[in-house]
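S.K.: the sequence and its predicted three-dimensional model are supplied below.
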Amino acid sequence: MIFESISKTEHEEVVFCHNKDAGLKAIIAIHNTVLGPALGGTRMWNYASEQDALNDVLRLSRGMTYKAAVSGLNLGGGKAVIWGDPGKDKSEALFRAFGRFVNSLNGRYITAEDVGIDVNDMEYVYRETEFVTGVHQVHGGSGDPSPFTAFGTLQGLMSALQVKFGNEDVGKYSYAVQGVGHVGMEFVKLLHERGAKIFVTDINKDAVQRAVDDYGCEAVSLDEIYDVDAEVYSPTALGGTVNEATLQRLKCKIICGAANNQLASNEIGDEVQRRGILYAPDYAVNAGGLMNVSLEIDGYNRERAMRMLRTIYFNLGRIFEISARDGIPTYMAADRMAEERITAIGKLRLPHLGQHAPRFHGRRAG
Ligand code: NAD
């Protein structure tokens, strides 16, 4: 079953990590390192089964390959999962044991935080390996990625506005923002600063109230967000919200937000295109967080990060061009752009071999 699942994918390496004393059960999946070391977070989740954990890490690591490739980063795709309850099973020993496994890969895989893991957990991983990003700022880490993800989303939005309306005047348009969490609230702030009309919803009523009070948003119910008259729909909470039921209701001209896996299926992506709605592919739009942590490898620099985020505007522009050139939906154009880059660089026959491990300037495993 295990090998059967792996053989259906194109992964380079899948590592099962086990340490009885620390109670560690983890899987590290390296999907592709043609462009560089595989960077992707570690998720801690109480999976129902081993198979679920494996499926998740295979899917997520493949996604990282595409995100890095489309974003022009010299990084491959990888991800790790720790099987356990983040509320109960965390310990220094667990994360240090995990860190040793990461270290044993000699830089082919670089980890970071993901769902269920925070910066304090990463501190323990960092004691065992330098191949970790998202550590405390005191060690040269880059801090919370959310504001960077939000600013990157704004760049993607401007690119979409330019293609759809011929101008980038964010403030001229109205927005339906679903989810005002870490990224959503920051995104709403950026929209408000530019004078936009914003509708918001969230299951967290306090967050909605803050968006209303601080950024002049109009609150709507969880379900109403699909019906509001807004030119842009911004999914910034959950995946799969562009589906058969919601697409019939959406009045928007553009879909652009930070959530992962916004389209419920490829068929929905085709239908979005047929309806003349411009979809800004999620993994290209929300790459700001990845770009930001990637800079920790060469020594973090905030100014450089902000300049790098601007490239999201051009990446999206290129995706829209490929979509027009090849007559394909934008989600497919993003995949094509990523695959074309990996193929072209792969032909150079210089795969990342591990001995070219990244230099973590100014940082040492503590
Ligand atoms: P978060 O948990 O801080 O915020 C999510 C918000 O969505 C919360 O306020 C939550 O209450 C709300 N929410 C949950 N279910 C909802 C529903 N049914 N309707 C409306 N609101 C709902 O998470 P985040 O870090 O802001 O990330 C938001 C999205 O962006 C996620 O899909 C995440 O995977 C993606 N993303 C985040 C980053 C980052 O840097 N944080 C980077 C890339 C992608």
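M.R.: Cool, the structure landed.
S.K.: so which bits of the protein are right by the ligand?
M.R.: Residues of the chain found near the ligand (CB under 6 Å from any ligand atom) are 145-146, 149, 178-184, 201-204, 207, 222, 236-238, 258-260, 286, 289. Every residue, glycine included, has its C-beta placed from N, CA and C.
S.K.: filter the residues you listed down to the buried ones, ChimeraX style.
M.R.: With 16 or more other CB atoms under 10 Å as the criterion, this ChimeraX line picks the buried residues out of the residues of the chain next to the ligand:
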select :145,146,149,178,179,180,181,182,183,184,201,202,207,236,237,258,259,286,289
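S.K.: just the ones of the residues of the chain next to the ligand in helices?
M.R.: Secondary structure defined by DSSP state H assigns Ser146, Thr149, His182, Val183, Gly184, Ala207, Gly289 of the residues of the chain next to the ligand to helices.
S.K.: now for those residues, which pair is the farthest apart?
M.R.: Maximum pairwise distance in those, criterion CB to CB, is 19.4 Å, between Ala207 and Gly289.
S.K.: so which residue of the stretch 101-250 of the chain comes closest to the ligand?
M.R.: As assessed by CB to the nearest ligand atom, the ligand sits closest to Gly181 within the stretch 101-250 of the chain, at 1.8 Å.
S.K.: how about the strands in this structure?
M.R.: Remark: strands assigned in the chain by DSSP state E are 13-19, 24-32, 38-39, 42-45, 76-83, 109-110, 174-178, 197-201, 218-219, 232-235, 254-255, 278-279.
S.K.: state the mean pLDDT of the longest one.
M.R.: Looking back up the chat, that one is strand 24-32. For strand 24-32, the mean pLDDT works out to 98.
S.K.: residues in contact with it?
M.R.: With CB atoms under 8 Å, 6 or more residues apart in numbering as the test, strand 24-32 has contacts from 9-18, 38, 42, 53-54, 57-58, 60-62, 64-65, 76-84, 94, 97-98, 101-102, 105, 108-109, 342.
S.K.: write the PyMOL selection for whichever of those residues are buried.
M.R.: Buried residues among these (16+ other CB under 10 Å), as a PyMOL selection:
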select buried, resi 11+12+13+14+15+17+38+42+53+54+57+58+60+61+62+64+65+76+77+78+79+80+81+82+83+84+94+97+98+101+102+105+108+109+342
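S.K.: now do the helices in this protein.
M.R.: Under DSSP H, the chain gives helices at 2-7, 50-70, 92-104, 119-126, 146-165, 182-193, 205-215, 244-247, 266-274, 282-285, 288-294, 302-326, 330-346.
S.K.: distance from the chain centre to the worst-scoring helix or strand of the chain on mean pLDDT, please.
M.R.: Lowest mean confidence among the helices and strands of the chain (mean pLDDT, DSSP states H and E): helix 2-7, at a mean of 87. The chain centre lies 25 Å from the centre of helix 2-7; the measure is CA atoms, centre = their mean, to the nearest Å.
S.K.: contacts for that helix next, please.
M.R.: By CB under 8 Å, 6+ apart, helix 2-7 touches Val14, Glu50, Gln51, Leu54, Asn55, Leu58.
S.K.: got the contact list for the third one?
M.R.: When the contact criterion is CB under 8 Å, 6+ apart, the partners of Gln51 are Met1, Ile2, Ser5.
S.K.: most neighbours of all those residues, which one?
M.R.: In terms of neighbours by other CB atoms under 10 Å, the contacts of Gln51 top out with Ser5 at 14 neighbours.
S.K.: can you tell me how far that residue is from Cys17?
M.R.: 17 Å (CB to CB, to the nearest Å).
S.K.: low-confidence stretches in the stretch 201-350 of the chain?
M.R.: Applying pLDDT under 70 to the stretch 201-350 of the chain flags the ranges 349-350.
S.K.: redo that, cut-off 90
M.R.: Residues of the stretch 201-350 of the chain meeting the criterion pLDDT under 90: 238, 297-299, 346-350.
S.K.: likewise for the stretch 51-200 of the chain?
M.R.: Where the stretch 51-200 of the chain drops to pLDDT under 90, the residues are 114-115, 119, 134-145.
S.K.: and stretch 210-224, which residues are buried?
M.R.: Arg210, Ala211, Tyr215, Cys217, Val220.
S.K.: residues in contact with that stretch: which ones?
M.R.: The contact list for stretch 210-224, computed with CB under 8 Å, 6+ apart, reads 176-177, 180, 185, 188-189, 191-192, 197-203, 208-209, 228.
S.K.: endpoint to endpoint, it covers what distance?
M.R.: 19 Å (CA to CA, to the nearest Å).
S.K.: and Ala324, how many neighbours does it have?
M.R.: Ala324 has 12 neighbours, counted by other CB under 10 Å.
S.K.: next, work out how far apart it and Ala196 are.
M.R.: In this view, Ala324 and Ala196 are 27 Å apart by CB to CB.
S.K.: swap in Thr343?
M.R.: For Thr343, the distance to Ala196 - CB to CB - is 39 Å.
S.K.: before we move on, what about Val228?
M.R.: Note on Val228: its distance to Ala196, by CB to CB, is 13 Å.
S.K.: got it, and Arg96?
M.R.: 46 Å.
S.K.: look at the two and report which has more neighbours.
M.R.: Ala196 (24 against 18).
S.K.: right, and the more buried one touches Asp169 too?
M.R.: No. Contact between Ala196 and Asp169 fails when scored by CB atoms under 8 Å: they sit 9.5 Å apart.
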